[in-house]
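1. got a predicted model here, sequence first, then my questions.
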Amino acid sequence: MSDKVRVRYAPSPTGHLHIGNARTAIFNYLFARHHGGEFIIRIEDTDVKRNVAGGEESQLKYLKWLGVDWDESVDKVGQYGPYRQTERLDIYREYWRQLIDNGQAYRCYCTEEELEKEREEQSARGETPRYSGKCRRLSDADRARLEAEGRVASVRFRVPEGKTYAFDDMVKGEISFKSEEFGDFVIVKKDGIPTYNYAVALDDHLMAITHVLRGEDHITNTPRQLMVYEAHGWEPPIFGHMTLIVNESRKKLSKRDESIIQFIEQYDNLGYSSEALFNFITLLGWSPEGEEEIFTRERLIEIFDANRLSKSPAVFDTVKLNWINQHYLKGLPVEELAKLCFPHLKQAERLAAEPSEKELAWATALVTLYRDHLRYGAEIVPLSDLFFREEVVLEDDGREVLAEESVPAVLSAFARQLEAAGEANFTEENIKAAIKAVQKETGAKGKGLFMPIRVALTGQTHGPDLNGSIWLLGYGRVLKRLEDAAAGKLA
RNA sequence: GGCCCGUUGGUCAAGCGGUUAAGACACCUCCCUUUCACGGAGGUAACGGGGGUUCGAUUCCCCCACGGGUCACCA
């Protein structure tokens, strides 16, 4: 490839970073980095009404969170700026005026109501709704009259007749459309701002974009953009249309769909690892060559191959995401894992907002105890529930365990051992030793030894490491529960 | 409805004319473990249908079915 690869991610600042957009951004990023090219972020804010305050910042913030960086954008101005489309209106104007001057575009005075009516009539007749071309041949006099009526013009592109627009899609292969399928489309709205299809083509050319990697929902936009390139005498970039991410019903992820968590911010808030999410997103509609699935960002840059982009849509599988995330969490130093968990403990009021050293140590031990169980940070709260309940909730199989004849002896022996050691010596080491001593004293061992203790203290027959759990429960609580259980007071 | 795209186990997917049709997640079994989890070893499970082309089709072509996308002065 002689030209340097330049690709872009072009979000509209209409909301937070969505999982589908994040994937588009990530694949463009990987493609650029793999080829030693440049990655640009351009803000497509031409729909002024839909722009959301803070949308742009949020998009960039979470892209950064994911570990994506870029070479040019609103915050990193290069030689192709500005990078916000509404700041490029003067640039666009020159081009669309050219198109009007040479007859490749024309002013249209139709009102929204008129167009709506036209579309309805076409649909009623079973036709594909398409602009009729009513304003194609307006004379100067017609225009003067219409404008005198107070009508404001939009600008429409004059779609050539009898042409085929074909392109070799990077993922789908040859795709072609006949120009008859398209009505003259608006390139400049009444508010003077170009539409997406025009601005995008102009900017991709002006910013020297070599490859346009985007979602499959843009396939039918491509011929329109090809027409724009042609009208201006430009060489189009190479297009690649990635499959959509779909929900369990195999529908395109709609932003209102609540069956799946869709915004990157939410994953951050739930205590997901950004590396894990990056890794997971990468596996959505793309697959590496070997059998590995866990990759660092650097490794992905190395192995990313756009030829391996999938042709069929990918269902977003939360279960697999959780598996990957759990895998990453296991590899994290405890302090890092704690950072993902603590906010949730605090929110649940199980950890002070400004914890003391002792509280911090306790909470860290809690996180350590659940290290291998956690799929994401927020899970620490439901998982560790038993440490925050005053009363032991006895489960049915636990009841059976406590019904054993030898149980009271074991429990009271354990309590005596702990008391003999004293609260000051209440450490995991000594707890372990105490249990050993109980074994000697009562002759109970294995399940017969550990199960009664576990059930008496937690109410459950399963749970995290016992010694750690006992320590976390704390001296006082442990003794109280042992007494209650030994006395058969557990309901 | 027109146009475009797609269809390998429950899910993600490898495959690119000849394979016992990978692998991962999930599920099940066993091992490990004082329990659960982790880890380890196994197991169940797939080429939408019909025609061609070919000595031979999951793979190439056509038709059908199904699914999706798109038909805005939204991007």
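-> Sure thing, it's come through. Numbers count the residues shown, from 1 in each chain, chains lettered A, B, ... in the order given.
2. residues near A:Ser412, how many?
-> A:Ser412: 17 surrounding residues under other Cβ atoms under 10 Å. For glycine as for every other residue, the C-beta is placed from the backbone atoms N, C-alpha and C.
3. and the closest residue to it other than its chain neighbours, what does it touch?
-> Ranked by Cβ to Cβ, 6 or more residues apart in numbering and with sequence neighbours excluded, the top spatial neighbour of A:Ser412 is A:Ala486, at 4.8 Å. Neighbouring residues of A:Ala486 by Cβ atoms under 8 Å, 6 or more residues apart in numbering: A:407-408, A:411-412, A:415, A:456.
4. buried among those residues? Make that a PyMOL selection.
-> Here is the PyMOL command that selects only those of those that count as buried (16 or more other Cβ atoms under 10 Å):
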select buried, chain A and resi 407+408+411+412+415+456
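5. please identify which of the contacts of A:Ala486 is nearest to A:Glu302.
-> The closest of these to A:Glu302 turns out to be A:Ala456 (Cβ to Cβ; 54.0 Å).
6. quick check: that closest one vs A:Glu265, distance?
-> Distance, A:Ala456 to A:Glu265, using Cβ to Cβ, to the nearest Å: 43 Å.
7. equivalent analysis for A:Ile175, please.
-> In terms of Cβ to Cβ, A:Ile175 sits 35 Å off from A:Glu265.
8. ok so A:Ile187 is a helix residue?
-> No. Counting by DSSP: H, G, I helix; E, B strand; the rest coil, A:Ile187 is not part of a helix but strand.
9. which non-adjacent residue is nearest it?
-> Per Cβ to Cβ, 6+ apart, closest to A:Ile187 is A:Tyr198, 3.8 Å.
10. how would you label that neighbour: helix, strand or coil?
-> Classified using three-state DSSP, A:Tyr198 is helix.
11. correct me, but it touches A:Asp204?
-> No. A:Tyr198 sits out of contact with A:Asp204 when judged by Cβ atoms under 8 Å, with a separation of 11.1 Å.
12. picking that back up, mind listing what the residue nearest to A:Ile187 touches?
-> A:92, A:96, A:157, A:187-188, A:228.
13. confidence score at it?
-> The confidence metric pLDDT takes the value 98 at A:Tyr198.
14. over to A:His232?
-> 98.
15. could you give the number of residues near it?
-> By other Cβ under 10 Å, neighbour count at A:His232 equals 14.
16. likewise A:Lys320?
-> A:Lys320 has 14 nearby residues by other Cβ under 10 Å.
17. on that earlier part again, most neighbours among the contacts of A:Tyr198, which one?
-> That'd be A:Ile187 among the contacts of A:Tyr198, by other Cβ under 10 Å, with 29 neighbours.
18. quick one: that residue from A:Glu113, how far?
-> 21 Å.
19. A:Glu161 too?
-> For A:Glu161, the distance to A:Glu113 - Cβ to Cβ - is 28 Å.
20. residues of the stretch 201-350 of chain A that sit close to RNA strand B?
-> A:216-221, A:243-244, A:246, A:249-252, A:283-285, A:287, A:289, A:291, A:293, A:308, A:310-315, A:317, A:319-320, A:323, A:327, A:330 (Cβ under 7 Å from any atom of the strand).
21. now do 6 Å
-> Within the stretch 201-350 of chain A, the residues that sit near RNA strand B (Cβ under 6 Å from any atom of the strand) are A:216-217, A:219-221, A:244, A:250-252, A:283, A:285, A:287, A:291, A:293, A:308, A:310-315, A:317, A:319-320, A:323.
22. what's the offset of stretch A:300-313 from the middle of its chain?
-> Relative to its parent chain, stretch A:300-313 has a centroid offset of 18 Å by Cα atoms, centre = their mean, to the nearest Å.
23. ah, wrong one, I meant stretch A:242-260
-> The answer for stretch A:242-260 is 12 Å, by Cα atoms, centre = their mean.
24. mind listing what's buried in it?
-> For stretch A:242-260, by 16+ other Cβ under 10 Å, it's A:242-247, A:253, A:257, A:260.
25. if we can go back for a sec, let me have the contacts of A:Ala486 in TSV, extended by pLDDT and secondary structure.
-> What follows is the contacts of A:Ala486, written out as TSV (pLDDT from 0 to 100; DSSP: H, G, I helix; E, B strand; the rest coil):
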residue	pLDDT	secondary structure
A:Val407	89	helix
A:Pro408	90	helix
A:Leu411	93	helix
A:Ser412	91	helix
A:Ala415	94	helix
A:Ala456	93	helix
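26. out of the contacts of A:Ala486, what pair is the most spread apart?
-> A:Val407 and A:Ala415 (12.4 Å).
27. and A:Gly162, helix, strand or coil?
-> coil.
28. got the contact list for it?
-> A:179-180.
29. quick one: it from RNA strand B, how far?
-> In this view, A:Gly162 and RNA strand B are 15 Å apart by Cβ to the nearest atom of the strand, to the nearest Å.
30. quick one on the thing from earlier: nearest to RNA strand B, of the contacts of A:Ala486?
-> Nearest to RNA strand B among these: A:Ala456, at 12.2 Å, using Cβ to the nearest atom of the strand.
31. thought the closest one was touching A:Ser412?
-> No. A:Ala456 is beyond contact range of A:Ser412, at 10.5 Å (criterion: Cβ under 8 Å).
32. what about A:Arg93, how many residues nearby?
-> 13.
33. and what of A:Tyr328?
-> 21.
34. quick one: A:Lys252 and A:Thr243 touch, right?
-> No. A:Lys252 lies out of contact with A:Thr243 (Cβ under 8 Å); the separation is 10.2 Å.
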